[in-house]
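Asks: Structure of the sequence below:
(one chain, ligands or ions: 2)
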Amino acid sequence: MTETKLASNLLQQQAYVNGEWIDAEDGRRFEIRNPVDGQVLAKVADCGVAETRRAIEAAEAALPDWQAQTAKARADILRRWFDLVMQHQDALAALLTAEQGKVLSEAKGEIAYGAHYLEWFAEEAKRIDGDILAAPSQDQRVLVLKRPVGVVAAITPWNFPNAMLARKVAAALAVGCTFVAKPAKETPLSALALAALGEEAGLPAGVFNVVCGSDSSVIGGELTANPIVRKLTFTGSTATGKKLMQQCADTVKRTSMELGGNAPFIVFDDADLDAAVAGAMAAKFRNAGQTCVCANRLLVHADVYDAFVDKLSQETEKFQLGNGADEAVTMGPLIRPSAVDSVQAIVSEALEAGAVATVGGQGSELGDCFYQPTVLRDCAPSMRCFKEEIFGPVAPVFKFETEAEAIQLANDTEFGLAAYFYSRDYARIWRVSEALDYGMVGINEAAISNPMAPFGGVKESGHGREGSKYGVDDYIETKYLCMGGL
Ligand SMILES: NC(=O)C1=CN([C@@H]2O[C@H](COP(=O)(O)OP(=O)(O)OC[C@H]3O[C@@H](n4cnc5c(N)ncnc54)[C@H](O)[C@@H]3O)[C@@H](O)[C@H]2O)C=CC1
Ligand SMILES: O=C(O)[C@H](O)CS(=O)(=O)O
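Replies: Ligands and ions are numbered 1, 2, ... in the order given. Just a heads-up that it's a prediction; the model follows:
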């Protein structure tokens with residue numbers, strides 16, 4: 001397998017607090033391993049409450065000057081940060097592939113995706129305007145100011161260790177907030193590299209801090225309990241999101257939650273079948289199926305079911321499973337061996353209940369983090385693969401007869417993040433778009449994530465939006481001034 005060589009200037013193994021690279025106070029470190037083969041990539045400062053508190057207090061100290069900067073001054077730094085990330089795209093991608101496992105082409109795409117949030121919010125920073133409203137009386141004036149919420153804490157996931165952090169910190173810093181991030185314990189290197197480039201871009205000490213540690217609940221406990229933190233933004237599982245929301249309640253923190261999903265991917269009988277198959281391949285298998293917007297349930301009209309399953313199976317068989325650092329490889333490992341066990345349990349339950357694997361259906365001899373790309377036909381809504389977020393490269397295909405049945409099946413979940421459907425009937429497109437209970441809907445399109453769109457869900461997929469002009473709302477407080485005696 002390809003030996004992993006990481007750019008030394010971006011390989012940071014200390015936490016980044018108040019503009020300094022620091023060790024844990026007790027000197028402890030924890031290992032970051034490549035999911036391909038368990039190779040130790042780095043030993044990173046294992047921070048706890050003390051270091052987290054220092055980061056929060058640094059962010060508090062930096063807040064007055066940072067929010068007093070002009071929007072242009074903040075924008076210029078974000079823009080320089082964008083430029084630096086893009087200049088180091090290949091090295092950042094290699095680091096990301098090594099610690100997370102996704103293939104290099106996807107890692108490069110993630111770096112650019114995350115960087116473009118820095119670019120977008122560098123521009124949006126200059127468009128945060130207040131209002132002067134109609135006054136209730138002639139001797140009054142009513143003004144509305146848009147103010148930064150203050151110190152923001154972020155807890156980010158391992159599946160997009162660069163972009164999920166960039167997406168949050170860009171919006172927060174653009175409006176004048178300061179920031180403390182806790183990356184996933186599996187993938188801190190991407191976050192630390194982003195901090196190194198932010199430092200080079202000119203971020204003042206304390207504006208952006210990264211605290212890494214092997215015990216998420218210890219760091220998270222401080223981030224959610226400390227009253228200095230006024231906002232928590234989280235991307236991860238719904239279970240963890242609920243826990244964090246509860247922990248934030250004691251200090252009435254604002255929260256943004258980008259949680260789990262269970263995306264339906266509906267193929268109607270009037271769809272362009274080749275386009276639908278291509279869309280399904282992208283929506284299902286990106287990041288080995290480890291994204292919150294992955295197609296989780298493929299709902300296909302009975303008249304095109306067999307043809308769709310055959311075409312999808314043919315395409316799925318083409319994947320080259322292996323080390324994502326190898327250019328020829330098109331799918332990498334899952335994040336950890338227990339993820340393979342979880343996926344296998346869902347597949348085995350479906351097979352025992354009558355589903356048939358037309359491709360895959362088991363792990364791989366390549367290693368204990370690998371799972372074969374899998375297509376399951378003859379699946380039923382009673383199966384776990386219908387009810388649960390699979391978070392792996394498994395495409396369960398379900399059959400429906402009518403439009404009403406497709407919508408009922410699609411909405412039959414506690415989640416509401418992304419949904420997709422393929423149809424060429426414009427009346428049906430309007431009916432289905434409005435009937436689907438989701439925050440985002442792809443219509444004849446699988447690539448729906450971009451900085452210019454409001455990313456987020458409803459129901460137990462969370463609340464808040466990231467990206468687009470709506471993305472600043474999560475980091476702004478509205479302040480009303482009533483001027484009297486005129
Ligand atoms: N919406 C999304 O993009 C993601 C969804 N998931 C879902 O979550 C499932 C499990 O994956 P996990 O890695 O276990 O997700 P997780 O939600 O447990 O981890 C996500 C982040 O939360 C942190 N975290 C976990 N427990 C915490 C706590 N008590 N206090 C503070 N921080 C905590 C982790 O260190 C990581 O940084 C996946 O199978 C998938 O269904 C996971 C990652 C991303
Ligand atoms: O959390 C995720 O899985 C990402 O938000 C998915 S995306 O933004 O890369 O589509």
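Asks: Now D23: closest residue in space, sequence neighbours ignored.
Replies: A45 (5.0 Å; C-beta to C-beta, 6 or more residues apart in numbering). C-betas here are computed from N, CA, C, even on glycine.
Asks: Contact partners for the one you found?
Replies: Taking C-beta atoms under 8 Å, 6 or more residues apart in numbering, we find A45 in contact with Q13, Q14, A15, I22, D23, A24, R28, R29, E51, C212, G213.
Asks: could you flag which of these are buried?
Replies: With burial judged by 16 or more other C-beta atoms under 10 Å, the buried subset of the contacts of A45 is Q13, Q14, A15, I22, D23, A24, R29, E51, C212, G213.
Asks: among those residues, which are within reach of ligand 1?
Replies: Among these, not one lies near ligand 1 by C-beta under 6 Å from any ligand atom.
Asks: Just give the number of residues close to A134.
Replies: 6 (other C-beta atoms under 10 Å).
Asks: surely it meets V142?
Replies: Yes - here A134 lies in contact with V142, judged by C-beta atoms under 8 Å, at a distance of 7.1 Å.
Asks: And the residue of the stretch 201-350 of the chain that's closest to ligand 1?
Replies: G220 (2.3 Å; C-beta to the nearest ligand atom).
Asks: Now that residue, what are its backbone angles?
Replies: phi -60, psi -30 (degrees, to the nearest 10).
Asks: OK, contacts around the closest residue to it other than its chain neighbours?
Replies: Computed as C-beta to C-beta, 6+ apart, the closest residue to G220 that is not its neighbour in sequence is I155, at 6.0 Å. Residues near I155 by C-beta under 8 Å, 6+ apart: A181, K182, S216, G220, L223, L232, T233, F234, T235, G236, L244.
Asks: Pull the contacting residues for the residue of the stretch 201-350 of the chain closest to ligand 1.
Replies: I155, K182, L244, Q247.
Asks: Switch the residues you listed over to a markdown table; also include pLDDT, secondary structure and distance to ligand 1.
Replies: Output for these, formatted as a markdown table (pLDDT from 0 to 100; DSSP: H, G, I helix; E, B strand; the rest coil; distance: C-beta to the nearest ligand atom, whole Å):
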| residue | pLDDT | secondary structure | distance to ligand 1 |
| --- | --- | --- | --- |
| I155 | 98 | strand | 5 |
| K182 | 98 | strand | 6 |
| L244 | 98 | helix | 6 |
| Q247 | 98 | helix | 8 |
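Asks: Could you dump these into CSV and include distance to ligand 2?
Replies: As requested, those are arranged in CSV below (distance: C-beta to the nearest ligand atom, whole Å):
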residue, distance to ligand 2
I155, 12
K182, 16
L244, 15
Q247, 21
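Asks: Near N159, how many other residues are there?
Replies: Neighbour count of N159, defined by other C-beta under 10 Å: 27.
Asks: Settle this for me: it is touching Q100, isn't it.
Replies: Yes - applying C-beta under 8 Å, one finds N159 in contact with Q100, separated by 7.2 Å.
Asks: what touches both of these two?
Replies: Residues within reach of N159 and of Q100 at once, by C-beta under 8 Å, 6+ apart, are I335.
Asks: Tell me how this structure divides into domains.
Replies: 3-259+461-481, 263-450 (automatic domain parsing).
Asks: what does the stretch 151-300 of the chain have sitting close to ligand 2?
Replies: Residues of the stretch 151-300 of the chain lying near ligand 2 (C-beta under 6 Å from any ligand atom): N159, F160, M164, T235, E258, T291, C292, V293.
Asks: can you do 8 Å?
Replies: Taking C-beta under 8 Å from any ligand atom, the part of the stretch 151-300 of the chain that reaches ligand 2 is made up of 157, 159-160, 163-164, 167, 235, 258, 261, 286-287, 290-294.
Asks: now do the same end-to-end measure for stretch 279-290.
Replies: Stretch 279-290 has an end-to-end distance of 16 Å (C-alpha to C-alpha, to the nearest Å).
Asks: before we move on, what about stretch 355-371?
Replies: 18 Å.
Asks: Go through that stretch and flag the buried ones.
Replies: Those would be 355, 357-361, 363-364, 366-371, for stretch 355-371 by 16+ other C-beta under 10 Å.
Asks: and stretch 99-113, how far from the chain's centre?
Replies: 13 Å (C-alpha atoms, centre = their mean, to the nearest Å).
Asks: what's the closest non-adjacent residue to M86?
Replies: That would be A115: by C-beta to C-beta, 6+ apart, it lies 5.3 Å from M86.
Asks: how much space between the one you found and ligand 2?
Replies: 13 Å (C-beta to the nearest ligand atom, to the nearest Å).
Asks: Tally up the residues packed near that residue, please.
Replies: 27.
Asks: My guess is it contacts H88. True?
Replies: No - A115 is beyond contact range of H88, at 9.7 Å (criterion: C-beta under 8 Å).
Asks: and for these two, which residues touch both?
Replies: Common neighbours of A115 and H88 (C-beta under 8 Å, 6+ apart) do not exist.
Asks: what about stretch 434-442, start to end distance?
Replies: 12 Å.
Asks: Indicate whether it makes contact with ligand 1.
Replies: No - where contact is defined by C-beta under 8 Å from any ligand atom, no part of stretch 434-442 touches ligand 1; the two come within 12.1 Å at best.
Asks: Flag every buried residue along that stretch.
Replies: Taking 16+ other C-beta under 10 Å as the criterion, stretch 434-442 shows L436, Y438, G439, M440, V441, G442 as buried.
Asks: average pLDDT for that stretch?
Replies: On average, the pLDDT along stretch 434-442 is 98.
Asks: Model confidence at the residue nearest the centre of the chain, what's the number?
Replies: In the chain, the centroid-proximal residue (C-alpha atoms, centre = their mean) is M164; its distance is 4.5 Å. We have a pLDDT of 98 for M164.
Asks: Does it touch T156 like I think?
Replies: Yes - in this structure, M164 is within contact of T156 by C-beta under 8 Å, at 4.6 Å.
Asks: so what's in contact with the two at the same time?
Replies: T235.
Asks: what helix or strand does A271 sit in?
Replies: Here A271 sits in a region with no helix or strand, counting by DSSP states H and E.
Asks: for it, what are its contacts?
Replies: V304, Y422, S423, R424, N444.
Asks: switch to 7 Å and redo it
Replies: Contacts of A271 were listed using C-beta atoms under 7 Å, 6 or more residues apart in numbering, and they are Y422, S423, R424.
Asks: quick one: buried residues of the helix or strand encompassing S105?
Replies: Assessed by DSSP H and E, S105 sits inside helix 104-124. Neighbour counts over helix 104-124 (16+ other C-beta under 10 Å) mark 104, 106-122, 124 as buried.
Asks: and after that helix, which helix or strand comes next?
Replies: Taking DSSP H and E, what comes next after helix 104-124 is strand 131-133.
Asks: what does the stretch 151-300 of the chain put close to ligand 1?
Replies: 155-160, 164, 182-186, 216-217, 219-221, 223-224, 234-241, 243-244, 247, 258-261, 290-293.
Asks: Mind checking which of the residues you listed are buried?
Replies: 155-160, 164, 182-186, 216, 219-221, 223-224, 234-236, 238, 240-241, 244, 247, 258-261, 290-293.
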